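Chemist: Quick one: sequence plus predicted model below, questions after.
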Amino acid sequence: MEENIASIKPQQVWSHFSKLLQIPHPSGHEEQIAQYLYDFAQKRNLDATIDEAGNVIIHVNATLGREHSPKVILQSHMDMVPVKNDDVLHDFLKDPIDAYIDGEFVKARGTTLGADDCIGVATILALIDDKDLEHGPLTAIFTVEEETTMKGAFGLKKEYLEGDYLINLDSEENGLLYIGCAGSCDVKLNFKFDKVKVENCQGLSISLNKFEGGHSGADINLGHANAIGVLALILEDLSSDFDFFIQNFEGGIVRNAIPSKAQVILNVPSDKALAFKEAANNAYKRIISTYERKETHAAIKISECEVSESLCYAQSLDLINLLLSLPHGVVRMSDIDTSIVETSVNLGTVKTLDEDIEICLMPRSLKETGLDEIITKIEACAQLLDNVDIELENRHACWLSQDKNSLIDSMQSSCAQLGLKPLKVTLMHAGLETASFAKTAPKLQLVSLGATILNPHSPKERVHIAGVGDVYEIVRHTLAQL
Ligand SMILES: [Zn+2]
């Protein structure tokens, strides 16, 4: 018989997790799970609030004699990313998640598991329920929409962040303790163009597909090719021997993913079309060879299509030169942990609209000054052309807490007492809700840890069972000692 999730040790955590799996909670639809958490507090006579954003805040008094211990906030997000395999029938608004034990991991059948971040929620509920744990004053905060708008973190009032320390349980690698994360910004360039009619031309489409892509923060140092950048290089190469006119340029899907595909539709003089195709194939082979060990599935497809109105020759070249000038990739490594990217930028999407071409980039940095530097460079590229406007939005602050304080000391001594390796104190080249809390409550010292979750946000998502136990024990010991 299949082992029950609720019976995995530590049972306190997994029995809560198995109950949370029964409650639908995709981002934006957290009402049921919020009510469940509120009821959890009510049943235990704990002071609980659901705030305007929909976050649940639970206050837990100190155990006897621990009233003057540092006040700790435990925090997780209650929403999950709803993704399923095409062949699975699952309604994320109604159906429970069907989880099972798969070796050292727990995963779901054909859907995301939602261990990101309900394993954090379950860990906090287990700590609140732990009758043997002596602790100082605690606050539990469960936020909404972390995976989409960050509405919960942005909307959380300062009064709920009163405390000495905040432990976020939303990071995803055993043995790591994060004390900082990158800020980011959405940068959009609008390349305005006039459409012209061309004669004696053949329409050609060049599409690049199946590039590795990846997360624009976590994967930016992996050396993957940017499909938009490779396509721009091919066109630049062709421009020395051929005239062409761009009808349409499309690339990437979202600005926070490294583009895995790009396509351009061109008008090419009919008598040169054959030679153009051959030259494009050759240029592709030469350019992609830089990435031969990484981009093993990358492919080019060139096909004929209709002639249509297009950018003029000069604007076609301007667009290519702009795409090639824009920064992309790793810009600087961190001096605190040299294995971590400090500043990077992803040339994420290109989209052709009626009157302009929209180019979206996402710079990230562990330092505000790093973010400023990249934005300045992008602005400088835009200023070289008089038909390009720039828009900046959604600037998210970076977060950096102390790398030495009594919370971290307690966590390391807890690891030693539990026979675990010391936690590696590090930084994350991606965003976490902690950055928003640090901005709202600058005196609060924050850390983030969590059990290893592989392939989050996909139906392959799985959480490492032993890691869940380690995180629970580390936090439990820390609260007892602090
Ligand atoms: Zn998460």
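Modeler: Now that the structure is in, tell me what you want to look at.
Chemist: Run a quick neighbour tally on residue 387.
Modeler: Applying other Cβ atoms under 10 Å, we find 16 residues neighbouring residue 387. The way it works is simple: take the backbone N, C-alpha and C, and place the C-beta from them, glycine included.
Chemist: Which pLDDT value belongs to it?
Modeler: Model confidence at residue 387, given as pLDDT, is 97.
Chemist: show me the contacts for it.
Modeler: Contact partners of residue 387, counting by Cβ atoms under 8 Å, 6 or more residues apart in numbering, are 191, 192, 193, 315, 318.
Chemist: how about the helices of the chain, start to end?
Modeler: 11-20, 31-43, 115-129, 151-155, 227-238, 273-288, 313-325, 368-383, 406-418, 433-440, 465-481 (DSSP state H).
Chemist: one step back: any of the contacts of residue 387 buried? List them.
Modeler: 191, 193, 315, 318 (16 or more other Cβ atoms under 10 Å).
Chemist: Mind putting those residues into JSON lines with distance to residue 360 and pLDDT?
Modeler: Listed next are the buried ones among the contacts of residue 387 as JSON lines, based on distance: Cβ to Cβ, whole Å; pLDDT from 0 to 100:
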{"residue": "191", "distance to residue 360": "12", "pLDDT": "98"}
{"residue": "193", "distance to residue 360": "17", "pLDDT": "97"}
{"residue": "315", "distance to residue 360": "19", "pLDDT": "97"}
{"residue": "318", "distance to residue 360": "18", "pLDDT": "98"}
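Chemist: and which of these is nearest to the ion?
Modeler: Among the buried ones among the contacts of residue 387, residue 191 lies closest to the ion (Cβ to the ion), at 35.0 Å.
Chemist: how much space between that closest one and residue 382?
Modeler: Using Cβ to Cβ, to the nearest Å, one obtains 9 Å as the distance from residue 191 to residue 382.
Chemist: got any residues that touch both of these two?
Modeler: 322, 388.
Chemist: Help me confirm that residue 60 comes into contact with residue 140.
Modeler: Yes: counting by Cβ atoms under 8 Å, residue 60 touches residue 140, with 6.9 Å between them.
Chemist: Give me the common contacts of these two.
Modeler: residue 128.
Chemist: Identify each buried residue in the biggest strand by length in the chain, please.
Modeler: The longest strand of the chain (DSSP state E) is strand 341-352. Residues of strand 341-352 classed as buried: 341, 342, 343, 344, 345, 346, 347, 348, 349, 350, 352 (neighbour count, 16+ other Cβ under 10 Å).
Chemist: From residue 65, how far off is the fifth one?
Modeler: Residue 345 sits 52 Å away from residue 65, taking Cβ to Cβ as the criterion.
Chemist: ditto for the fourth one
Modeler: Residue 344 sits at a distance of 49 Å from residue 65 (criterion: Cβ to Cβ).
Chemist: Show me the domain layout of the chain.
Modeler: For the chain, whose domains are defined here by automatic domain parsing, the residue ranges read 5-182+399-481, 195-393.
Chemist: how about those domains, which one is nearest the ion?
Modeler: Per Cβ to the ion, nearest to the ion of those: domain 5-182+399-481, 4.1 Å.
Chemist: quick check: mean pLDDT across the closest one?
Modeler: For domain 5-182+399-481, the mean confidence score works out to 96.
Chemist: got it, and stretch 349-361?
Modeler: pLDDT averaged over stretch 349-361 gives 97.
Chemist: Give me the residues contacting it.
Modeler: Contacts of stretch 349-361 (Cβ under 8 Å, 6+ apart): 186-193, 228, 247-255, 259, 262, 319, 322-323, 326-328, 345-348, 378.
Chemist: correct me, but residue 318 touches residue 385?
Modeler: Yes: using Cβ under 8 Å, residue 318 is in contact with residue 385, at 5.7 Å.
Chemist: wait, doesn't residue 309 sit right on residue 195?
Modeler: Yes: using Cβ under 8 Å, residue 309 is in contact with residue 195, at 4.0 Å.
Chemist: related to what we said a few turns ago, is it possible to get the helices of the chain out as CSV so that each row also shows distance to residue 221?
Modeler: Formatted as CSV, the helices of the chain follow (distance: least, Cβ to Cβ, whole Å):
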stretch, distance to residue 221
helix 11-20, 32
helix 31-43, 35
helix 115-129, 22
helix 151-155, 26
helix 227-238, 16
helix 273-288, 20
helix 313-325, 21
helix 368-383, 15
helix 406-418, 26
helix 433-440, 20
helix 465-481, 23
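Chemist: and these, which is most packed in?
Modeler: helix 115-129 (a mean of 25; mean count of other Cβ atoms under 10 Å).
Chemist: hmm, back to that, and the contacts of stretch 349-361, which of them are in strands?
Modeler: Per DSSP E, the contacts of stretch 349-361 map to strands at 186-192, 247-251, 262, 345-348.
Chemist: coming back round to it: so for residue 60 and residue 140, which sits in the more crowded spot?
Modeler: Set side by side, residue 60 and residue 140 show more neighbours around residue 140, with 24 against 21, by other Cβ under 10 Å.
Chemist: Look up which residues are beta-bridged to the residue nearest to the more buried one when sequence neighbours are not counted.
Modeler: Nearest non-adjacent residue to residue 140, counting by Cβ to Cβ, 6 or more residues apart in numbering: residue 58, 4.3 Å away. Residue 58 has these beta-bridge partners by DSSP bridges: residue 48, residue 140.
Chemist: Let me see the contact set for residue 58.
Modeler: Here residue 58 is in contact with 37, 40, 41, 46, 47, 48, 128, 139, 140, 142 (criterion: Cβ under 8 Å, 6+ apart).
Chemist: again, 6 Å this time
Modeler: 41, 46, 48, 140 (Cβ atoms under 6 Å, 6 or more residues apart in numbering).
Chemist: I am finished for the moment; much appreciated.
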